[in-house]
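In: Pasting a predicted model and its sequence here:
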Amino acid sequence: MDTSRNTASPTIDTSRRRILTTGGLGVLSATAVALLAGNEALAQQQRRPAAGGNDVAILNVALGLEHEAIAAYQIGAESNLLQPAVLQVAVAFQGHHKAHRDALVQTIRQMGGNPVAEKSRQDYMTSLAIASTVRNQADVLKLAQRLERGAANAYLGVIPSFASRDLAKVAGRLAADETMHYTALTQALNEALPGNALSFGA
């Protein structure tokens with residue numbers, strides 16, 4: 001994991017409860033999501049005056065969530081609590097979050113913003129209450145499961161904001177990654193998958 005930190009970047013509250021209760025990701029502009037998808041041409045078509053500042057703030061909340069997930073997987077990987085097969089999956093999931101992070105950083109910079117810095121390891125240890133709640137492999141998986149469900153719901157909150165199918169697809173793909181992670185973690189914990197339909201994004 002790249003542990004370098006941009007100390008000049010702003011800090012941000014990465015609480016997943018905050019993003020879900022304020023609906024932060026649900027108000028991203030078409031421009032921001034087009035850039036996130038790597039589609040500059042579509043972004044040019046969708047640009048709105050004065051949209052950038054708010055979009056950068058919202059994208060930085062999303063970036064904060066990705067930093068948090070990357071850190072959680074790293075702490076879990078280094079805990080010596082994970083069996084080799086589980087560790088391999090955790091590292092793969094962390095790689096997905098790194099790809100999300102990189103796309104968000106690029107998008108924020110393209111919009112003229114300053115990407116939020118990752119916090120220190122100790123900050124994540126404290127905010128996620130790892131020292132008091134993580135004692136075995138199941139605890140690591142439960143933490144990751146909770147974070148992945150929160151991320152899936154956050155990204156699903158974007159989809160209703162767009163008339164464009166292309167823009168909705170980007171948000172859906174991000175949510176699909178998080179939902180896949182949640183499902184695999186739930187099965188690894190030998191827990192039942194959600195019994196009801198439409199269990200995400202409510």
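Out: In hand now; what should we look at?
In: Going by neighbour count, list what's buried in stretch 135-142.
Out: For stretch 135-142, the neighbour count (16 or more other C-beta atoms under 10 Å) marks 137, 140-142 as buried. Where C-beta positions appear, they are placed from N, C-alpha and C, glycine not excepted.
In: average model confidence for stretch 108-127?
Out: Averaging the model's pLDDT scores along stretch 108-127 yields 90.
In: And the strands in the protein?
Out: For the chain, none of the segments meets the definition of strands by DSSP state E.
In: so where do the helices sit in it?
Out: Using DSSP state H, the helices of the chain run over residues 16-22, 30-36, 40-46, 52-77, 84-110, 121-127, 130-133, 137-156, 165-188.
In: Quick check: residue 187 touching residue 180?
Out: No: Residue 187 sits out of contact with residue 180 when judged by C-beta atoms under 8 Å, with a separation of 11.0 Å.
In: Looking at the two, which is more packed in?
Out: residue 180 (14 against 11; other C-beta atoms under 10 Å).
In: The residue lying closest to residue 125 once chain neighbours are set aside and residue 143, how far apart?
Out: Sequence neighbours aside, residue 131 is the residue nearest to residue 125 in space, at 6.0 Å (criterion: C-beta to C-beta, 6 or more residues apart in numbering). Here the distance between residue 131 and residue 143 works out to 12 Å (C-beta to C-beta, to the nearest Å).
In: Between those two, point out the one with more neighbours.
Out: Between residue 131 and residue 143, counted using other C-beta under 10 Å, residue 143 has the larger neighbour count: 20 against 10.
In: The more buried one against residue 136, yeah?
Out: No: using C-beta under 8 Å, residue 143 is not in contact with residue 136, being 11.4 Å away.
In: for this structure, which spans come out with low pLDDT?
Out: By pLDDT under 70, the low-scoring segments of the chain are 1-55, 158-159, 161-168, 170.
In: For burial, what's the neighbour tally of residue 99?
Out: 12.
In: and if you look at residue 95?
Out: Residues near residue 95, counting by other C-beta under 10 Å, number 13.
In: How about residue 160?
Out: Neighbouring residues of residue 160 were enumerated by other C-beta under 10 Å; the total is 10.
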